[in-house]
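A.B. asks: sequence? don't have it. structure:
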């Protein structure tokens, strides 16, 4: 897989994970803790993740209401969140996404062979 394609895969997995995390379920809240040390490739994704972590309850309604203000305050006044619609996933699907994200991130971080 070309490096550019690999970066795009990681970004796609990040988006899917963030969309799943804004479901607001207990399983999703637990998943937030497993990603605290993850290095998000897209700065906007990191800001969204930090926002989700900071919310005691991250229901889709609360996220939609408060996220635009948070992003503006964090230096993202112009953003396209058309992709950021909550998706309802089972716990097993969320765990699979998290594993894929970790796996792709690990591959992405490995130095290229000479």
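C.D. replies: Perfect, I can see it now. Since the structure is predicted, the reported quantities are computational estimates derived from the model, not experimental observations.
A.B. asks: which regions of the chain lie under the pLDDT threshold?
C.D. replies: Scanning the chain with the threshold set as pLDDT under 70 gives 1-6, 24-29, 105-114.
A.B. asks: can you give me the helices in it?
C.D. replies: In the chain, helices defined by DSSP state H lie at 3-21, 26-34, 43-54, 60-73, 91-109, listed in chain order.
A.B. asks: If we go by neighbour counts, what in the third one is buried?
C.D. replies: Neighbour counts using 16 or more other C-beta atoms under 10 Å place 44, 45, 47, 48, 49, 51, 52 of helix 43-54 among the buried residues. C-beta: built from backbone N, CA, C; applies to glycine.
A.B. asks: Now the residues you listed in CSV, please, with extra columns for distance to residue 18.
C.D. replies: Below are the buried residues of helix 43-54 laid out as CSV (distance: C-beta to C-beta, whole Å):
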residue, distance to residue 18
44, 10
45, 6
47, 10
48, 5
49, 7
51, 10
52, 7
